[in-house]
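Participant: structure for this input, please:
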Amino acid sequence: MKIDTNNNNTDNTDNQLHMGRQVREVFNKSGLSIQQFADMIPCNVNNIYKIYDREVIDFGLLKRISKIFKYDFFKLYSQELQLEPVDCMQIICHITMRIFYP
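Facilitator: Take a look at the predicted model:
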């Protein structure tokens with residue numbers, strides 16, 4: 001299942017990824033009923049709505065949800081990091097200069 005979840009969470013003031021919203025978005029596109037989703041977790045329907053409200057979802061539950069939808073929610077965390085490549089030579093030069101020229 002290919003789902004576009006590039007909504008950047010602009011309504012979240014600290015730009016933190018809100019995983020519950022991401023789960024709800026993928027669920028809405030899945031074609032499953034809320035009861036089917038709850039049965040697959042397994043939990044009751046009220047707990048599904050609580051999942052949607054969670055900004056952070058624990059690893060085990062997120063893994064189960066990822067398997068149900070065949071969607072890698074964990075990649076959303078790594079995409080949010082947007083890490084810059086590290087210039088190792090620059091770091092080594094900086095450390096060397098501080099050692100030899102304090």
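
Participant: please save the CA atoms from the helix or strand containing residue 51 in PDB.
Facilitator: Assigned by DSSP states H and E, residue 51 belongs to helix 45-53. The C-alpha trace of helix 45-53 is given here as PDB (Å, rounded to 0.1, in the frame of the first residue of the first chain):
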ATOM      1  CA  VAL A  45     -12.700   0.500  19.300                       C
ATOM      2  CA  ASN A  46     -12.300   3.100  22.000                       C
ATOM      3  CA  ASN A  47      -8.600   2.300  22.200                       C
ATOM      4  CA  ILE A  48      -8.200   2.900  18.500                       C
ATOM      5  CA  TYR A  49      -9.500   6.500  19.000                       C
ATOM      6  CA  LYS A  50      -7.000   6.800  21.900                       C
ATOM      7  CA  ILE A  51      -4.200   5.700  19.500                       C
ATOM      8  CA  TYR A  52      -5.200   8.500  17.100                       C
ATOM      9  CA  ASP A  53      -4.800  11.000  20.000                       C
END
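
Participant: what's in contact with that helix?
Facilitator: Contacts with helix 45-53, where a contact means C-beta atoms under 8 Å, 6 or more residues apart in numbering, come from 20, 21, 23, 24, 34, 35, 37, 38, 41, 57, 61, 65. (Glycine included, C-beta is placed from N, CA and C.)

Participant: repeat that for 10 Å
Facilitator: Residues from elsewhere that reach helix 45-53, judged by C-beta atoms under 10 Å, 6 or more residues apart in numbering: 18-25, 27, 33-35, 37-39, 41, 43-44, 57, 61-62, 65.

Participant: quick one, what contacts the spatially closest residue to residue 62 that is not a sequence neighbour?
Facilitator: Once flanking residues are discounted, residue 62 sits nearest to residue 73: 5.4 Å by C-beta to C-beta, 6 or more residues apart in numbering. Contact analysis of residue 73 by C-beta under 10 Å, 6+ apart lists 5, 17, 19, 22, 23, 26, 57, 62, 63, 65, 66.

Participant: likewise residue 68?
Facilitator: 23, 26, 27, 30, 32, 36, 37, 40, 41.

Participant: redo the residues you listed as JSON lines? Include distance to residue 90.
Facilitator: What follows is the contacts of residue 68, written out as JSON lines (distance: C-beta to C-beta, whole Å):
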{"residue": "23", "distance to residue 90": "40"}
{"residue": "26", "distance to residue 90": "40"}
{"residue": "27", "distance to residue 90": "45"}
{"residue": "30", "distance to residue 90": "46"}
{"residue": "32", "distance to residue 90": "50"}
{"residue": "36", "distance to residue 90": "53"}
{"residue": "37", "distance to residue 90": "49"}
{"residue": "40", "distance to residue 90": "49"}
{"residue": "41", "distance to residue 90": "47"}
